[in-house]
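Enquirer: With the input below, show me the fold.
(2 chains, ligands or ions: 2)
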Amino acid sequence: MTEFLAANAPLLRSISVLTLLGYSVHVALRAGVFSFATVGFYAVGGYLTANLLEGGLHRYLVLLAVLALTGVLAVLVTPVLTRLRYLYLAMATLALTLFVQSLAQSWPTYTGGAQGLFGIPRVLLQGEMFTLVIGVVVLVWLTQRSAAGRSIAALRHDEVLSASVGVDVRATQARAFVASAVIAGTAGFVQTSSFGVFGPTDISFGVVVSCLTVLVVGGALHWVGPLLGGVLVAALPVYLSAAGSWNLILQAVVVLVVVVYRPDGLAGFFSWVWRRARRRTPPTSAPTPTAAATEGATR
Amino acid sequence: MSRLELQDVRVHFGGVKAVDGVSFAVEPGQLVGMVGPNGSGKSTTVNAVTRTADLTSGRITFDGEDVSTVRPHVLRRKGLVRTFQGIRLIPELSVRDNVRLAAEQDGSRRRWRVGRGEKLPSDTACDAALERLDLLDVRDEAPSALPYGTQRRVEIARALATGPRLLLLDEPVAGMNRAEREEIAAVLTDLNSDGLSMLVIEHDLRLLLALSDHLVVLNFGRLLAQGEPAATAALPEVRQAYLGSAA
Ligand SMILES: Nc1ncnc2c1ncn2[C@@H]1O[C@H](COP(=O)(O)OP(=O)(O)OP(=O)(O)O)[C@@H](O)[C@H]1O
Ligand SMILES: [Mg+2]
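Expert: Ligands and ions are numbered 1, 2, ... in the order given. Okay, the predicted model is just below:
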């Protein structure tokens, strides 16, 4: 076990980072906000971690600083975002990421400019990394089963109805956006403090595409989707590397197959298999709660 | 003081004068019926009250407080709740969670303090509403699995679970069969005799005459007549505008 963990450290790191990025997009999307800002907040988290670790700050304090800064920045931009809708909202979040990207280029003292920052102390323990990822998964799961989760589901489907039963649509979306930003910041912290490098390639357009791939492949609106997507998207290049230059094309094919045949992603596929398996096995004693009920509670 | 009062309310969409100078009131404990031909501005009037549509001009007060410019979600905590003309259930939530969603938005933070095994006040309200509309048997179903009439009952239960002081119902029995209509009518009579104030939009004039204390008739966005239900329905201009075209 320990050997496996050590030998696969790079893969496990990229699974963790992609999973966190996936949850960042997921949390906003569930509240009806299609956010590209994830990569922007990922950059803020990554660069801040690099600078503070270089300065000798303890990693726990660094994480707190990252959570605080990304949280505050998100709160500052929400008044603008919650007034926008649909495509305009998505464009505004993309603009935010572009802004951070260009800031990173023009502020080399703190970002290392085009080279990025390297040689940063790799202080994050693997166990801590897993704790962060599992913590986020559990929090997302708990939230979706709570009152907040029901409000979020409602406002994504029907804002007018939600408001009529008392959901503060703007405040709920704002909270989801802040949560999304904080998770993205955490991803930046994990990447930098375990890999020791953070630079422009970490926040390039390719990373935006990776986030969306994680989401689509895993199941964009299912709580376990980003985790499944993170694992697959991180592992695929490793196991497909035998295919050499066909690697990227094969990845694209996998994504297309999912989008066409399982728009609800791996999570949708697995819950379909699960429901079928349960229907096949006859009830042993008292009738179990219907599939619809469990689905309603967990989705 | 009236529970709800509309003073010269206008809602214009560009050139369309959907509501054009409507004034009436709902007194505490009253059930006010609203009728009018298709497109006469009934739903838009309710939309104006619940801030789903913006007022072009006029004033709306709820228990004496001006609510013409508040944000829509605030009204629910004040006790003003509506249903919509179309079914608007959240597909990924079970029947119970659809109703619970509304019951929960009471602004209480007590969730954290309730002891183990103790029921939350919002869950009590939710289950009471489910029971009142005879939905306990289907509470774990997905809304889409239910017949149309049952879905409409869920809509009413959801509004009721908020513990309203004024309920606005936009065609609550539309698309229901005779027996289902009678059931809902009985529930509304019950609620009303418990003291709940209501505004009910309905095309079924017979049903509305049996229920209401006061009748409001709209035509082309304007108030055609209002008053004692039977007498108002019998007015020649009402018969011509509404009954004449419908019956
Ligand atoms: N958002 C809107 N934009 C433009 N016009 C609208 C809008 N909402 C309603 N209208 C128009 O306002 C008028 C009144 O519509 P409303 O829905 O209030 O009628 P109604 O009395 O409820 O009719 P029905 O009995 O068919 O439900 C109609 O002509 C309608 O087309
Ligand atoms: Mg209408």
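Enquirer: and chain B, which of its residues are near ligand 2?
Expert: Within chain B, the positions near ligand 2 by C-beta under 5 Å from the ion are B:42-43, B:85. Where C-beta positions appear, they are placed from N, C-alpha and C, glycine not excepted.
Enquirer: so can I have CSV of those showing neighbour count, distance to B:L31 and secondary structure?
Expert: Compiled in CSV, those are given as follows (neighbours: other C-beta atoms under 10 Å in any protein chain shown; distance: C-beta to C-beta, whole Å; DSSP: H, G, I helix; E, B strand; the rest coil):
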residue, neighbour count, distance to B:L31, secondary structure
B:K42, 27, 16, helix
B:S43, 20, 18, helix
B:Q85, 15, 19, coil
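Enquirer: which among these gets closest to B:F24?
Expert: Distance ranking of those against B:F24, using C-beta to C-beta, places B:K42 first at 12.0 Å.
Enquirer: so what's that closest one up against?
Expert: Going by C-beta atoms under 8 Å, 6 or more residues apart in numbering or on different chains, B:K42 touches B:34-36, B:170, B:201, B:218.
Enquirer: Kindly indicate which of those lies nearest ligand 1.
Expert: Set against ligand 1, the nearest of those by C-beta to the nearest ligand atom is B:G36 (5.3 Å).
Enquirer: show me where pLDDT drops low in the chain?
Expert: In the absence of a named chain, chain A is used. Across chain A, the ranges flagged by pLDDT under 70 are A:243-244, A:281-299.
Enquirer: other chain: chain B
Expert: Ranges of chain B meeting pLDDT under 70: B:109-116, B:242-247.
Enquirer: and with 80 instead?
Expert: Scanning chain B for pLDDT under 80 picks out B:107-118, B:241-247.
Enquirer: How about the residues of it by ligand 1?
Expert: Taking C-beta under 6 Å from any ligand atom, the part of chain B that reaches ligand 1 is made up of B:13, B:16, B:18, B:36, B:38-44, B:85.
Enquirer: JSON lines for those, including secondary structure?
Expert: Output for the residues of chain B next to ligand 1, formatted as JSON lines (DSSP: H, G, I helix; E, B strand; the rest coil):
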{"residue": "B:F13", "secondary structure": "strand"}
{"residue": "B:V16", "secondary structure": "strand"}
{"residue": "B:A18", "secondary structure": "strand"}
{"residue": "B:G36", "secondary structure": "coil"}
{"residue": "B:N38", "secondary structure": "coil"}
{"residue": "B:G39", "secondary structure": "coil"}
{"residue": "B:S40", "secondary structure": "coil"}
{"residue": "B:G41", "secondary structure": "coil"}
{"residue": "B:K42", "secondary structure": "helix"}
{"residue": "B:S43", "secondary structure": "helix"}
{"residue": "B:T44", "secondary structure": "helix"}
{"residue": "B:Q85", "secondary structure": "coil"}
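Enquirer: Phi, psi for A:I120 please.
Expert: Dihedral pair for A:I120: phi -80, psi 140, per degrees, to the nearest 10.
Enquirer: is chain B contacted by the helix or strand encompassing A:A65?
Expert: Using DSSP states H and E, A:A65 maps to helix A:59-81. No: Helix A:59-81 is not in contact with chain B by C-beta under 8 Å from any C-beta of the partner chain; minimum separation 14.4 Å.
Enquirer: Helix or strand next in line after that helix, which one?
Expert: As assigned by DSSP H and E, the chain's next helix or strand after helix A:59-81 is helix A:86-105.
Enquirer: How about that next one, which residues are buried there?
Expert: For helix A:86-105, burial by neighbour count (16 or more other C-beta atoms under 10 Å in any protein chain shown) applies to A:89-90, A:92-94, A:96-97, A:100-101, A:104.
Enquirer: same deal with stretch B:22-42?
Expert: Neighbour counts over stretch B:22-42 (16+ other C-beta under 10 Å) mark B:22, B:24-26, B:30-37, B:40-42 as buried.
Enquirer: and what of stretch A:270-284?
Expert: A:270-271.
Enquirer: CA atoms of that stretch as CSV?
Expert: Output in CSV follows, covering the C-alpha atoms of stretch A:270-284 (Å, rounded to 0.1, in the frame of the first residue of the first chain):
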residue,chain,number,x,y,z
PHE,A,270,-22.9,3.9,-12.2
SER,A,271,-26.2,4.9,-10.6
TRP,A,272,-28.0,3.4,-13.5
VAL,A,273,-26.1,0.1,-13.0
TRP,A,274,-26.8,0.3,-9.3
ARG,A,275,-30.5,0.8,-9.8
ARG,A,276,-30.7,-2.1,-12.3
ALA,A,277,-28.8,-4.4,-9.9
ARG,A,278,-31.2,-3.5,-7.1
ARG,A,279,-34.3,-4.1,-9.2
ARG,A,280,-32.9,-7.6,-10.1
THR,A,281,-32.4,-8.7,-6.5
PRO,A,282,-35.9,-9.4,-5.1
PRO,A,283,-36.7,-7.6,-1.8
THR,A,284,-35.7,-9.9,1.1
